[in-house]
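Engineer: how would this look folded up:
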Amino acid sequence: MNPSRPTTSAFPVVAAHGHVTFLGAGPGDPGLLTLRAVEALAAADVLIAEPEVLEVVRTHARAGVDTPQLTIADEVSAAAGVPVIRDAANLVMEAARSGRRVVRAVTGDPGLDGNAAEEMLACATDGIPFEVVPGVATAVGVPAYAGVPLRGGRGDAGTDVRFVDARNASARCWSEVGASDGTLVVSATLETVASAAAELVSAGRKPETPLTVTVAGTTTRQRTWNATLGSIAQVFKQGKVLPSPEGARPVIAVVGEQGAAARREELAWFESKPLFGWRVLVPRTKEQAASLSDQLRSYGAVPHEVPTIAVEPPRTPQQMERAVKGLVTGRYEWIAFTSVNAVKAVREKFEEYGLDARAFAGIKVAAVGEQTAAALVEFGVKPDLVPSGEQSAAGLLEDWPPYDPVFDPIDRVFLPRADIATETLVAGLIELGWEVDDVTAYRTVRASPPPADTREAIKGGGFDAVLFTSSSTVRNLVGIAGKPHNVTVIACIGPATAKTAEEHGLRVDVLSPEPSVGKLAEALAEYGAARREAAKEAGESVSRPSERRPGARRRRTT
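Structural biologist: You can find the predicted model right below:
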């Protein structure tokens, strides 16, 4: 350690010099992070990120990573329209000098970021090793998500594509780009788009030149306007478009005949997703909600998970303890899992006793469906029986073999399940000749109410849809948060759940063709796609259910 260097740093001294990774976080979509970026984030001791990308990158950082807050020079930001970071270089240098691995994350690509360039130079001057992990540049990624290719086709391979930042462009810059007839990608704010268009017309561009303007690009808040250089100011005025909020990502405008404004209806793949921008309420336990939320995101939705059921251990654990010991000593021929939570309960009891998946040797294992089977595989157990048809207790019984004293040395089944489970499976197994140890492995209780803003959104029509995966999720959601507003699309996993929803005064719009959360999400996506097409055929603008006027009557969809 250098004795002349002070030891009062906020970062512990580990080595003479650390390492800095300048990382491009892309234009907004977390899925656009590169594999190398994810690796660097996982190894970081310190994460210094611009506020607008912090949540995108922090997900991939290890627990406990330091995330010092940056200071934005507001007066510079207001004057030039470009946020300037006051203390990023100091934070980067201090952390690196203390021997730590630093990730400096910026929007888009670090090679196009002036702040990052200055910080790289500071590292080089001070002898601190660094690397650059490129990211998807905002000026390239946003048009791609807006369905606006910067070159129109093979015949346009030589088209000139130029980039300009309208927030600090000089008169000379406008004169140069205005004289060109190629494609121009302009980074701007909503306030400066119209003035930029006027500058280009003054420099020689035709007023009828096509123009597309995209805000919140690559996120589910993305919106794109089609206009021309001469009409964009009027389009914004008629649409009552508000100024860009402080700290918002840049607005991206694409100007030129090859900007494909005329083809955008065909190429707008992102904004035409069936549930694009829909806020969908997912009232399940947090563990169960994860895979469903991922599927909803693939349809363009914004899932909001609200646990309505909490899982707790049984009040008297002795029955479960005896059953697990019996499993090890050969008491059972079969064990049947009817939920992911049942797998979790048995797995936790195994770990408590120092057991692992090898304890299932010689025992046949059944799973009620694919998700339960996946939880078993993760535990190291491959199920012997999964329903070939309906993924339910009834479907499991259809494939379950009857007890045969010749082939089955033991006639007993271990059934770990919830305290409120139905008796269908127990009765069916007994009818097939099996003895059943029906054991309460866990209890399901009503979860705590969600935050006040979530409750208000549920009752006030702030959600576009809600997915009910059981009758208990209906009862519990209404109990802890209130009844969803009448504009909210109600989707139910099956007839029993739909009946419960109707008993609570809800109109069911979507019914899953199969009792599967995956099929339920698909059914909602199909509903959204049909709704989108109906609006287009009627010549109406596509809107989300939550954008309908409060109190408007809902039409029943068959």
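Engineer: confidence score at the nearest residue to residue 495 once chain neighbours are set aside?
Structural biologist: Spatial nearest neighbour of residue 495, chain neighbours left out: residue 511 (7.3 Å); criterion: CB to CB, 6 or more residues apart in numbering. (C-beta placed from N, C-alpha, C; glycine too.) If you check residue 511, the pLDDT there is 96.
Engineer: pLDDT at the closest residue to residue 526 other than its chain neighbours, what is it?
Structural biologist: Take residue 526 and drop its neighbours on the chain: the residue closest to it by CB to CB, 6+ apart is residue 274, 7.2 Å away. Looking at residue 274, its pLDDT is 96.
Engineer: what does residue 11 give?
Structural biologist: pLDDT, residue 11: 44.
Engineer: Now find how far off-centre stretch 206-213 is within its chain.
Structural biologist: Averaging C-alpha positions (CA atoms, centre = their mean, to the nearest Å) puts stretch 206-213 34 Å from its chain's average.
Engineer: before we move on, back to that, can you name the residues bridging to the residue nearest to residue 495?
Structural biologist: Residue 511 has these beta-bridge partners by DSSP bridges: residue 492.
Engineer: need the contact list for it.
Structural biologist: Counting by CB atoms under 8 Å, 6 or more residues apart in numbering, residue 511 touches 491, 492, 494, 495, 498, 523.
Engineer: Give the closest residue to the first one in space, chain neighbours not counted.
Structural biologist: Leaving aside its sequence neighbours, residue 491 sits nearest to residue 510 (CB to CB, 6+ apart; 3.7 Å).
Engineer: gap between the one you found and residue 464?
Structural biologist: Counting by CB to CB, to the nearest Å, the gap from residue 510 to residue 464 is 12 Å.
Engineer: List the buried residues for the top helix by length along the chain?
Structural biologist: Identified as the longest helix of the chain according to DSSP state H is helix 517-537. By neighbour count on 16 or more other CB atoms under 10 Å, the buried set for helix 517-537 is 517, 518, 520, 521, 522, 523, 524, 525, 527, 528, 531, 532.
Engineer: Count residues in the vicinity of residue 361, would you?
Structural biologist: A total of 7 residues lie near residue 361 under the criterion other CB atoms under 10 Å.
Engineer: swap that for residue 329, please
Structural biologist: Neighbours around residue 329, by other CB under 10 Å: 8.
Engineer: got it, and residue 497?
Structural biologist: Here the number of neighbours of residue 497 (other CB under 10 Å) works out to 25.
Engineer: element containing it?
Structural biologist: Using DSSP states H and E, residue 497 sits in helix 495-503.
Engineer: Could you list everything residue 366 pairs with in the sheet?
Structural biologist: Beta-bridge partners of residue 366, as defined by DSSP bridges: residue 336, residue 385.
Engineer: That one: what's it in contact with?
Structural biologist: 334, 335, 336, 337, 383, 384, 385, 386, 396, 400 are the contacts of residue 366 under CB under 8 Å, 6+ apart.
Engineer: Of the residues you listed, grab the buried ones for PyMOL.
Structural biologist: Command for PyMOL that selects the buried part of the contacts of residue 366, burial taken from 16+ other CB under 10 Å:
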select buried, resi 334+335+336+337+383+385+386+396+400
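Engineer: Looking at the contacts of residue 366, which is nearest residue 418?
Structural biologist: residue 337 (11.6 Å; CB to CB).
Engineer: Please tell me I have it right and that closest one contacts residue 376.
Structural biologist: Yes: with contact defined as CB atoms under 8 Å, residue 337 counts as touching residue 376 (6.5 Å).
Engineer: Need the residues touching each of the two.
Structural biologist: With CB under 8 Å, 6+ apart, residue 337 and residue 376 have common neighbours 343, 365, 367, 383.
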